[in-house]
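**Student:** Quick one: sequence and predicted model below, then my questions.
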Amino acid sequence: MTTKERYAGVIRWFQKNRPVAETELHYHDPFQLLVAVILSAQCTDKRVNMVTPALFEAYPTPQAMAQATPDEVFTYIKSVSYPNNKSKHLVGMARTLIEEFDGVVPSEVDELQKLPGVGRKTANVVASVVFHKEAMAVDTHVFRVSNRIGLTNNSKTPLETEKTLVKNIPGHLLPIAHHWLILHGRYVCMARKPNCLECGIREYCKFYTRAGKKKEE
């Protein structure tokens, strides 16, 4: 199977079987999504969704959060991973939004990355989800699943994975393809034990071709 055929098969299956694929983070505006994605680093969306309602009630805008201290924000997010660093990032991000962007979340990836706590993955998520940019965010699920399926060839870094996916997936599909791969990695193609027998794209999967059939036999 060629790389082109593998991509075509995977995309075709997801388009038919997962026509709607969205972030599982809860938010109502770009600022809230930005906050939620920062909090989601090395943390589950479920946990983030548990802490954000009270956090957003206390700090509904960049202006409100910019006036807080990291210690004050910490009390709302202490149950997520790395709350000390994230509380500092959130306050710094809010203050930078006020000082450099007039309190408006920028839509461009390069501009988003100027905000404290915002790396390329977070910037791509925000740009694609709320601004519908043709961007591919690569988290641990996307990185793992892409390599396992064979969409990438032993990529060593998220950026390498991103470039390969962007090269092979039509631009208009990049935002939803990000969610296809995340959700597939979260619920089907799990890290320790992929559920190959329930996987709709196994016929296009390099891992299944090499190992799954042998186990099934």
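**Tutor:** Sure thing, it's come through. All figures in this text were calculated on a predicted structure; none of them were measured in a lab.
**Student:** Next, residue 72: secondary structure please.
**Tutor:** Counting by DSSP: H, G, I helix; E, B strand; the rest coil, the backbone at residue 72 sits in helix.
**Student:** For residue 80, see how far away it is.
**Tutor:** According to CB to CB, to the nearest Å, residue 72 stands 16 Å off from residue 80. For the C-beta atoms, the positions are set from N, CA and C on the backbone; glycine is no exception.
**Student:** and if you look at residue 91?
**Tutor:** From residue 91 to residue 80 the distance is 15 Å (CB to CB).
**Student:** Just give the closest residue to residue 23, not the sequence neighbours.
**Tutor:** The shortest distance from residue 23 to any non-neighbouring residue, by CB to CB, 6 or more residues apart in numbering, is to residue 129 (5.6 Å).
**Student:** who has more neighbours, residue 72 and residue 80?
**Tutor:** The neighbour count for residue 72 versus residue 80, taken as other CB atoms under 10 Å, is higher for residue 80 (22 against 14).
**Student:** quick one: contacts for that one?
**Tutor:** Applying CB atoms under 8 Å, 6 or more residues apart in numbering, we find residue 80 in contact with 39, 43, 47, 48, 51, 86.
**Student:** any idea how far residue 69 is from the residue nearest to residue 23?
**Tutor:** 29 Å.
**Student:** ok, now residue 120?
**Tutor:** 28 Å.
**Student:** More neighbours: which of those two?
**Tutor:** Neighbour tally, residue 120 and residue 69, criterion other CB under 10 Å: the higher count belongs to residue 120, 17 against 10.
**Student:** Can you give me the pLDDT of the more buried one?
**Tutor:** Here, the pLDDT recorded for residue 120 equals 95.
**Student:** What is the burial count for the nearest residue to it once chain neighbours are set aside?
**Tutor:** Nearest non-adjacent residue to residue 120, counting by CB to CB, 6+ apart: residue 113, 6.4 Å away. Neighbourhood size, residue 113 [other CB under 10 Å]: 14.
**Student:** Go ahead and confirm residue 96 touches residue 118.
**Tutor:** No: in this structure residue 96 lies outside contact range of residue 118 using CB atoms under 8 Å: 9.3 Å.
**Student:** quick one: which of the two has more around it?
**Tutor:** Neighbour count, other CB under 10 Å: between residue 96 and residue 118, residue 118 has more, with 23 against 17.
**Student:** Kindly provide the distance from the more buried one to residue 188.
**Tutor:** 29 Å.
**Student:** which secondary structure elements does the host helix or strand of residue 5 contact?
**Tutor:** Assigned by DSSP states H and E, residue 5 falls within helix 3-17. Applying 3 or more CB pairs under 8 Å, 6 or more residues apart in numbering; DSSP states H and E, one finds that helix 3-17 contacts helix 158-168, helix 174-187.
**Student:** which of the residues in that helix are buried?
**Tutor:** Judged by neighbour count (16 or more other CB atoms under 10 Å), helix 3-17 contains these buried residues: 6, 7, 10, 11, 13, 14.
**Student:** just stretch 108-115 next, same as before
**Tutor:** Buried residues in stretch 108-115 (16+ other CB under 10 Å): 109, 112, 115.
**Student:** how close does residue 177 get to residue 53?
**Tutor:** Counting by CB to CB - residue 177 and residue 53 are separated by 30 Å.
**Student:** neighbour-wise, which of those two wins?
**Tutor:** Neighbour count, other CB under 10 Å: between residue 177 and residue 53, residue 177 has more, with 25 against 11.
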